[in-house]
Structures are given as C-alpha cells and as structure tokens.
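# sequence? don't have it. structure:
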Ligand SMILES: Cc1cc2nc3c(=O)[nH]c(=O)nc-3n(C[C@H](O)[C@H](O)[C@H](O)COP(=O)(O)OP(=O)(O)OC[C@H]3O[C@@H](n4cnc5c(N)ncnc54)[C@H](O)[C@@H]3O)c2cc1C
Ligand SMILES: Cc1cc2nc3c(=O)[nH]c(=O)nc-3n(C[C@H](O)[C@H](O)[C@H](O)COP(=O)(O)OP(=O)(O)OC[C@H]3O[C@@H](n4cnc5c(N)ncnc54)[C@H](O)[C@@H]3O)c2cc1C
Ligand SMILES: Cc1cc2nc3c(=O)[nH]c(=O)nc-3n(C[C@H](O)[C@H](O)[C@H](O)COP(=O)(O)O)c2cc1C
Ligand SMILES: Cc1cc2nc3c(=O)[nH]c(=O)nc-3n(C[C@H](O)[C@H](O)[C@H](O)COP(=O)(O)O)c2cc1C
Ligand code: FES
Ligand code: FES
C-alpha cells in the first residue's frame, strides 16, 4: 500500500519484492502512488529516507535511479548496492517494510525524437537508469545496444533483466564473461552505429568513456549523455549542494541532471 | 546465540521470544552468555543499545531491569513499555534480531538474611525487577506478597507470570480488577506483616508510598527499598550523570542503586 | 489548562515597532539557503501556507559559488559550503520579487556582503521593491576591511552593519546572528540598539570532515557550515540567552525537525522559527509544523502562541518579584 | 603504499620538550569526566591496554556537583551538567594516585579552578605525586575575578593560567581548550607561548534542552555541555586549525566513535585522541580503537602513526614550497 503524505512528492511505499542481483546488490520493489509511477521517466531518481524515522541519523535521504516501473502493479523498483550506512540499511529492509520515498525527481534522459539507435554504457549500479531507458526505447520500437562492465560475471546485470530485443554485450575485468577488460573498450565499435549514447557509472568510467569518444567519434556525433552522481541534500534544486560545473555555469544534478551532455561538462 | 565482544560486560544476544504483556508492553527474551545469566540478581539491570548500530542516534543505551533469567536456556528477559524512541525501537525488534547488551549492572536489592516476609509494591514496568525478586525469594523458601497497581486490568502483570506461592493483590484506577484506587492504598494492611518492602514504579507512587509508610509503620521497620529511575549514560559509575541525593551524599543510581533505602533518600 | 474549542491564534508580528510591520499568519519560516527562491519547493508543498520564507543569500554581485564537493553528511547534521551561489542583487531584483508580489506568503530577502557599504547599498536597492516583505541581514560574513574577521563576532561591527541597513530602508530588518561570537547576547543587544526590528539565530557552526581514503577534506572549501538536529542544543541555548536579554522579537532556528522541537524554541523565547536542513530530508516537516503547532497549542489548552513564548525562560519578559 | 609486514608503531610522546616526557604506547585516551578515576571501566575493558586516561576534573575543594537532572540525550549527542562533582584535591591525592602508581597505564589528572592561584596551587600539590603522569588544565571554567567570564575564551587569561601551572610543576602540562572562544588558534598559540607541553581540544559546547511537558529546562543547571558525534565536525575543524598553528602536540577529541573518526583527527594534525561520550554507549569502542588504529595503518601501508598525522592539513609541518 502507498500512503501519500499531504505533500506532492513524498509517499510511503510498502516493499513487495526484494531480489538479490549483481552479487551483493538487491532489487527492491515498493508500492507507489499512481501519479508517481506514471510520472517516472528513465534517468529520473527517487530519494529514499534510509533510516528509522525516529532516528535523525543518517539524516539525509539517498538518491536511487528508477530501475523499473510497473503501472499496472503500481510499483517502482530500485537497484541498491550496499555501500555505506544508508544503502546497507536499505538493503536490509525486509518484505513488508514501508519506505519513505520522495520523487520522481530530476530530468529524464533526453532522447531526441529522431534517434533510432541507442547505445548504453553501464558500470556497476549505473546499470539502473539505463535498464529503464532500454525498456522504454524498445517499447517505442527503437534499437538498443547495452554495454556493461563489471569485475566478474557475478556482478553483471543478468541478461534476463533486459528486453529480448536488446543487444547485450559485456566486459569483465577478470575475463569470466565477455570481453576481458573495461566496458569502454567495447565502445569504439558502436560509435558509428549509435545516434545517441547514454551512460551511467563511476567517475573513472566516465573519464575513460570521454577519452574513447573523443578519440573515435566523428565531430560531435553521437552525443553522449552521462548521468552523474553527486551527494544530494534536497533533491529539488533548493540547496545548491549537488552542482555540476558545465559550460553553462553551475547546474544542479538533481534538477538539471542527473544526465548532462558530455560536451557540456567541465572536467576538473 | 550470544556473542561476547572482547569486553567483559558487552555481548550480542539474539532475541528468541517476544510476548505482548500488560497492554502495549512486550517481554523480550534474548540469549546471553553464561556468566551474564548467572551473575544477574534481582534489582540489577542491563543497558541495551536501542538503535541500528550504524546510526549514532539515539546515542545512549537504555537501561532495563532484568525481569527473568533462565540459566538452562541461557537467556534473559526484559519487560519493555513503548514510550519514547529507544523503547519503541526495542519493542519493534523481531525474533531473530540481535541486541547489543551491557550488563548485568547495578546493585541487587538487599534482602537481609533473616528476612522471611517480602512485600512488593509495583507500578507499571516497575513490576519487572520485583518479578525476578519474587521468583528468587520463593525459591529460597520465603513468603512474598506482590502488590501491583495499574490503570486497568489489561495493564496489570498477569498472575500467571508470578510463582504460585506468591500472594498477588492488585489495584486498578478504573476498578476493572481488584481494589479501586492506588496500589499504595493496599500497603498499610501489610506493613505489620512484612520484614522488608521492595518497590519500583513511577515517582508519584514512590511519594505516596513514602507517605503511607511514614503514617503507618512502627519506628523504621519494615525498611523500604525503592528502585529509582534516572536517565543514564554510562551505567557503570563513570559519568556521575545518574546521581540520587541521599543522606550519604550524591550516589549513583547505576552502581550504588538503582535500589536505595527509602529513609536514606532526600526528597526534592 | 483544559481544552479550548477555538483554533489557537498563531499569528505573529515580527516587526512590532516598524510601521511597515511584518505580520505572519503562522510562525513557520523556511530558512535562508534551504528554500531556494521559494519556487523550488512548490512541487513538494503548499508554499502559500507558510508564515513566510527567506530567500537564498544575495550578494552585491553574481557569485558562482564554491567548487564541488559542497555538502557532506555528519552525525544528525550536515556541512555545507555552497559559497553563496546567487545571481547578484540586480538580476535577483529583476527575477524573483515580481513573482513573489503575486504570492500570498511574505518573502524575506537574506543579504550578505563583505563591507558595510555593500550591505547598505543592497538594503537601499531592496527598500521599495514590490514583493519583498523584509530583509534578513546575514552577518556571518568576513569583513574584508577587518582582515576577514566575521562581522557577527564583533559587537561594534555588527552594530555598524545594522545601522547602515536601518538607514537605507524602512523595511523590517532582521539581523541574523552568528553562533561563533564569544557572547551572542552582547551582539544581540548591539544590533537591537542599532535599530534591528528582530534578530534571528543561529546561523551554522563552522565544521569540517576529512575523507580518509583521499586523505583530504571532504569539502573543496575545507570548512563548511554545520546545521541540522546536531546543533539544536546550541541553538536553543543561544535563543534562550538572547530572548532573555532583548525586547525585539527573536526568530529561533537550528535543527528544528518536528513540532516538539519548535515548542522548545517558543518556550525558550522565540516568537517564530525557521527551518532549514530538516526540510531537505522531509519537505512535509514544514506542513506538519504549520498544522501541528496550533494543534499542539489546542491540545494543551493554549489560546494563542504568545502564551507559550518564553514560559521556560524566567529571564523572559517581566521579572517575577 | 602496499602492505607492511611489521606492526605499525603507534607510540607517541605528548611532551617532547619536557624532560619528564609523556610517552604513550598508543594514542587512545579516555577523556576527562567520561572515565571516572579509571577503575569504573575495569569491569568492562582492559584499562591497562589504553595509551593513557584522564581522570574526572578535580577542584581545590570537595564539590557535590549539580542537582538532578544532570544529563539529557540530544540528536547524536548528549548534554551534561555534572557540576564537577569530586572529592577535592586533598582527598583525591590520598585516594587515587596510590592505586594508579601500581598501574601500567599513565594517569593524567584534569584540574579545574576559578582563579589562577587555585590552578597553581593544585599543580604544585600534584607535582611530585607518584601515580600522576601529567596534568590536563581545563580552562573552560568561569574566572571569578573576571565576572565569571570563561578563562578559555580569553588569550591573556588562558596564558596566565598556563604560566602559573607551568611555574608550579615540572609534570607535562596539557592545556584543554574551550570551543567557545571566538578564535581557538589565538588561545592555542597563547598557551603554547606560556609553556604548555601540549593542547587538547575540544571541551563541550554549551547547549540546552527544554522539557515541553514541564515547560522548563531539562537540566537543573539549565545549560549543559554538548558532546558526542554531533560535535565532531566542529571539533575536527578546530583541531585542524590549531594543529596548523602550533608546534606542540595536539590531542584531538569530540565525538570520536570509531577508527575512521580517529583517523580523521590524526589526518587533521592530532598526535593522539581522547574519547568521551562514545565509550558511555559502547566501552568496547576503546578497545576497538587500540586494536583498530594499528590495523588501519597496516592495511593502508603505513609503518607508523606519525606518517598520517597532519597529512590532510597543508598548513601542518613544513610548508610546501
Ligand atoms: C542521481 C543518483 C542516482 C543514484 N542511483 C543509485 C542507484 O541506482 N543504486 C545505488 O546503489 N546507488 C545509487 N546512487 C548512490 C546512492 O545515492 C548513495 O550515494 C549510495 O548508496 C551510498 O550511500 P550510503 O548511505 O550507503 O553511503 P554513505 O555512508 O553516504 O557514503 C559513504 C561515503 O561515501 C561518500 N559518498 C557517498 N556518495 C558519494 C558521492 N556521490 N561522491 C562522493 N562521495 C560520496 C560519503 O560522503 C561517505 O563518506 C545514486 C546517486 C545519485 C546522486
Ligand atoms: C534502572 C532502570 C531500570 C529500568 N527498567 C525498565 C524496565 O524494566 N522497563 C521499561 O520499560 N523501562 C525501564 N526503564 C526506563 C527505560 O530505561 C527508558 O527510560 C524508557 O524505556 C524510555 O526510553 P525511550 O528511549 O523510549 O524514551 P526517551 O525518548 O529516551 O524518553 C522520552 C522522554 O522522556 C525523558 N526521560 C526518559 N527517561 C527519563 C527519566 N528516567 N526521568 C526523566 N525523564 C526521562 C527523556 O529525556 C525524553 O525527553 C528503566 C530505567 C532505569 C534507570
Ligand atoms: C545548504 C545551506 C545553505 C545555507 N545558506 C545560507 C545563506 O545563504 N544565508 C544564511 O543566512 N544562512 C544560510 N544557511 C543557514 C540556514 O539558514 C540556517 O541558519 C542553518 O542551516 C540552521 O538551521 P537548520 O539546522 O534548520 O538548517 C544555509 C544552510 C544550509 C544548510
Ligand atoms: C559527563 C561528562 C563529564 C565531563 N567532565 C569533564 C571534566 O570534568 N573536565 C573536562 O575537562 N572535561 C569534561 N568533559 C568533557 C570531555 O572530556 C570531552 O572534552 C567532551 O565530552 C568531548 O568529547 P566526546 O564527544 O568524545 O565526549 C566531560 C564530558 C562529559 C560527557
Ligand atoms: S540536492 Fe539540493 S540542489 Fe540538488
Ligand atoms: S550512568 Fe554514568 S554514573 Fe550512572
């Protein structure tokens, strides 16, 4: 059951499914109000209160990309890797626990109307927003190639999570599945094919992707959107804590992002 | 399973039983190391960390009187009334959850060797230490009368919790069971009988008990021990936060108490 | 006590001695830097139901703010070093007050500067801007003419700023005190004497955090302002001290997260409260306060908010004889 | 980095310029007022494995302390107003140091007074007491000759106390700084110049809490000292500032609850750490620090603790050119 909280973005949602995935991560599915489920678009995120509500620590919500929505079931799913205090708490929440959620927040990935071929470049939990984008794109009849990198086969997103129509190509550091090496090694082969590239993963992956793209693409096509991570407080553009330096000045990851055009980003 | 923590007073104990009692309270039974179970005496307490260990809030442990120990099962039981943040958290802990416990702490009730007749005067969760004292006294072949007061029949300690040998007399404010009124109304009838009186309950009960005893007893017999409640930080006499003003100066509720001789207490 | 059947009166005038007055329907005010320019929260809560709100701190010129990282979480609190990112007073005046002029909720503009002259200039520019209900003067800023020593740590410098702002505007002037002063009461009295209509406190404490993996400060700015529940005991103590020592209204803030927290500040002597960090984690807290403060008063038999202001503070109001 | 196979050296001398020196096997020190007289924790932990410990603050005369309530919990912190309950210097000297003289762990005596003369008198009395390894001078006390203004908020008064104590004893002298000073660096430099062997910081921040049901302060003393994780960002910032400005050892404290917290303080420039409030909630934290600091160093490839002291503090040690 989802309970709304008299505000327009916060709701309480009961956890209805918890599935292990990608090694120690979990897919947590919770009930959400209809407006939230319908509003959520690929690249957006929710902010989840990751503590006992009676406690004031850890204080701030944690942002998680929307991994999947199910309008008929009235649910949303997030992919959570246990990392620090907030995510560990969230991963431990059992079936039936009720989460305090705010969202969906942020700007969706911008898929241009004429784009037909989407290339995804995913690292780690960066797989989450790209999974939703893939599903939506396939439903819209577009072609998707999904590249993913991980340490080993066990920490890759299972192919079964992706729509059948998606071409799924993987790289592992230890060579236990697919290409031995980094996901960005796979990218050059697809740069001519793709109309747009969408990427989410850790900072070093972004840097390596940028270098690969600069080296291999023709002009500024395809363009690359990178969904970046920033510590967030408010999630709604009020605190200016999550800014990203761009050619158009300081922009908020929570409202203007999380996805930015690679060519707009200023790399520190 | 109980895990010791390399220190001599702290241990981790898995919850093996959670029973509702006295309305909204619960009896929580957890595994404890053998030394802790054997050491615990009536009137002592344990300090329970009442938060997610990853959180720093609420920061301090909460003291709970030992309600019962079971040496063969290797368990301890506490009686918890949901009141504020810590107790609410504790009441919600399910079977299988593992508590971080410190204890047993404090001084036991002082039963004089020649005492044969013990009168208990309990209010609310003050029933807890007196339950254990009653069990131990009965096992030692002594006579026990247990007086308890509560708002209504539903918030009394069930008679089934007490050893059969105990005379259990109750008072309820709403008259739904036993005497209509306060538990202290029952006391005068037993003052001539009792060798010692043991009491635990809220501050107003203590004040009323003191007045009744002053009015009805002969000289300073029977003596009355009152197990008082003070907010505690360390529980081991180090912070001097929990002091009680007595004729012998400031004494710590956590080491010198929780039980003090009524005649020693200085009433503010 | 007993129950009152009417809805308690929670309105408050925060500038009783100013003809332009600052009357709020209720005492709940989002704090500066924590509520953007008012519109950011519009998707989350009913902004018009608030007592007022304070805008992000405005400076004489555009500022892009500090580089990343700007925020870090700490036990029951957070550090921020935003660096006063804002469009500057000119662009600000063109962009936001026209929108606010159509709103029901009063907008208070927070101003920051590094010289007395700049404070005065900003106050003058704001004086007759429609949509601006009051000015909050942030004196937790370095005074470049005093080697970067914070205005708010020195009574004379705090009074100088207040006097200059007072001269420049007839708008209600709230001076926001710094918790870094060795004696906050001295500063409060100095700004009262210099013409402040009200004081608000506290601004953030200065703190820091180190990333042990990077062996470097978490924040690009090294230090940041500590806010949130962690600082509440310090904030409440300062509000208590100041409320017992000045006769202008005191606006309390620092870690307020629920109705009971707010009541503590009122009982310490605050006439209104501001809420910052708590609304980041839970915007609904603002609505819970708007509804919950009158509900608490009613449940406890009070007819008006002013009945509890300072009740836990013996130094508040007339001395008992 | 890479792994070192030997156990890292975590010993530290906290009074390198004093012939009587203060060498600790490890940098973990329970803080004053949080560890009684050392024996209270004996049932919980192996006290002899600590680097040292600081006793409860001692005053010239017996003090019964404040009435109840003396403590209150706050978000990730606590308030205390114990009121320096202690037996007074004479009874103290008879009672505790003889026991400590038989212990392996060095005992540091914390002293508090309300006049320079009383500080000096206590230092003189302690000078040749066997079982006392060092004196920690708590200057967060009201100076009765200065209208109750806290010694530790004023550089001159802090230096006066330090000089008097220095005159009266050859024991290592640690001056414990107050976080209430407007500029803690100024105070630290003043006490360094006045002869302190080391500084420790921070003492508690002044806070309060109100019981809304009783409509009165929770603490009988109205205000109390705030400690625990809540204050850690403020403490770390002050340690960073002071460590960058003095050349004597800095002992950091304030909210330390785990190995990573301690590492933050070392990286800010602390040579040792004290732990107060966290050990109330979990005595085992002290043992986790004793074992965990060398383990952290080993895991991160450091051969000695001093390799990380100040590494996150560019102002620490020699300036880069
Ligand atoms: C838009 C967005 C979407 C996200 N989506 C996902 C997702 O789908 N799945 C997922 O598992 N995680 C996601 N994250 C990350 C997630 O929000 C948390 O940061 C992560 O779970 C760690 O939180 P924690 O409480 O466990 O760790 P914490 O205890 O908060 O963090 C541990 C340490 O890491 C530091 N830290 C945390 N995050 C950052 C950061 N971004 N940059 C620098 N330092 C940092 C903290 O300051 C702290 O020192 C997303 C983040 C953003 C901004
Ligand atoms: C020796 C001892 C034995 C105890 N045994 C039991 C027991 O067997 N069962 C049981 O349910 N409880 C017992 N208690 C009480 C228990 O420790 C907690 O205080 C209680 O559960 C409330 O904690 P909380 O976290 O829920 O409330 P909190 O959130 O801590 O408290 C709510 C409010 O009450 C105030 N408060 C809490 N305790 C006191 C106090 N003693 N005096 C004044 N104000 C106070 C707090 O400051 C706070 O404002 C005992 C206490 C002591 C000292
Ligand atoms: C992200 C952030 C930005 C802030 N910006 C300002 C500001 O621009 N001007 C100002 O006077 N105070 C600013 N503050 C301080 C708050 O207005 C408030 O005084 C402080 O956060 C304490 O309240 P809280 O604990 O409820 O957040 C800021 C605080 C935060 C957390
Ligand atoms: C209950 C209590 C009593 C204290 N008593 C003293 C004292 O007597 N002398 C002193 O210098 N500091 C005293 N302090 C301050 C601590 O030594 C320490 O500086 C402070 O608590 C910050 O550290 P923490 O956050 O680890 O507790 C006391 C602190 C507490 C909590
Ligand atoms: S998180 Fe507050 S502006 Fe983005
Ligand atoms: S709780 Fe610390 S002395 Fe009793």
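That came through fine. Being a predicted model, the structure only gives us computed values, none of them experimental. Ligands and ions are numbered 1, 2, ... in the order given.

# so residue A:53 is in contact with residue A:100, correct?
Yes - between residue A:53 and residue A:100 there is a contact under CB atoms under 8 Å: 6.4 Å. All C-beta spots, glycine's among them, are computed from the backbone N, C-alpha and C.

# between those two, who's got more neighbours?
The neighbour count for residue A:53 versus residue A:100, taken as other CB atoms under 10 Å in any protein chain shown, is higher for residue A:100 (20 against 11).

# from residue A:49, how far off is the more buried one?
4 Å (CB to CB, to the nearest Å).

# what touches both of those two?
Counting by CB atoms under 8 Å, 6 or more residues apart in numbering or on different chains, the residues touching both residue A:100 and residue A:49 are residue C:282.

# wait, isn't residue A:49 in contact with residue C:281?
Yes - Residue A:49 lies in contact with residue C:281 (CB under 8 Å); the separation is 6.8 Å.

# for residue A:252, give me its contacts.
Listed by CB under 8 Å, 6+ apart, the contact set of residue A:252 reads A:237, A:240, A:242-244.

# quick check on the closest residue to it other than its chain neighbours: phi, psi?
Leaving aside its sequence neighbours, residue A:252 sits nearest to residue A:237 (CB to CB, 6 or more residues apart in numbering or on different chains; 5.0 Å). Backbone geometry at residue A:237, expressed as degrees, to the nearest 10, gives phi 80, psi 10.

# do you know the pLDDT at residue A:237?
Model confidence at residue A:237, given as pLDDT, is 97.

# when residue A:49 and residue C:281 are compared, which one has more neighbours?
More crowded of residue A:49 and residue C:281, by other CB under 10 Å: residue C:281, with 25 against 22.

# which neighbours do residue A:49 and residue C:281 share?
Here residue A:49 and residue C:281 share the contacting residues residue A:61, scored by CB under 8 Å, 6+ apart.

# return the residues of chain A in contact with chain B.
Residues of chain A found near chain B (CB under 8 Å from any CB of the partner chain) are A:51-52, A:54-58, A:85, A:88-89.

# format these as TSV; extra columns: pLDDT, distance to ligand 4 and neighbour count.
TSV is the format used below for the residues of chain A next to chain B (pLDDT from 0 to 100; distance: CB to the nearest ligand atom, whole Å; neighbours: other CB atoms under 10 Å in any protein chain shown):
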residue	pLDDT	distance to ligand 4	neighbour count
A:51	95	21	25
A:52	92	23	18
A:54	91	22	15
A:55	95	19	22
A:56	97	17	30
A:57	97	15	28
A:58	97	19	26
A:85	94	19	19
A:88	95	24	15
A:89	95	24	22
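
# now, these that are in helices?
Among these, DSSP state H puts A:85, A:88-89 in helices.

# what's the closest of those to ligand 5?
Using CB to the nearest ligand atom, residue A:85 comes nearest to ligand 5 of these, at 18.4 Å.

# spatially nearest residue to the closest one (excluding sequence neighbours)?
Using CB to CB, 6+ apart and skipping residues adjacent in sequence, the residue nearest residue A:85 is residue B:54, 4.5 Å away.

# now do the contacts for the one you found.
Residues near residue B:54 by CB under 8 Å, 6+ apart: A:58, A:85, A:88-89.

# pretty sure residue A:244 is in a strand, no?
Yes - according to DSSP: H, G, I helix; E, B strand; the rest coil, residue A:244 belongs to a strand.
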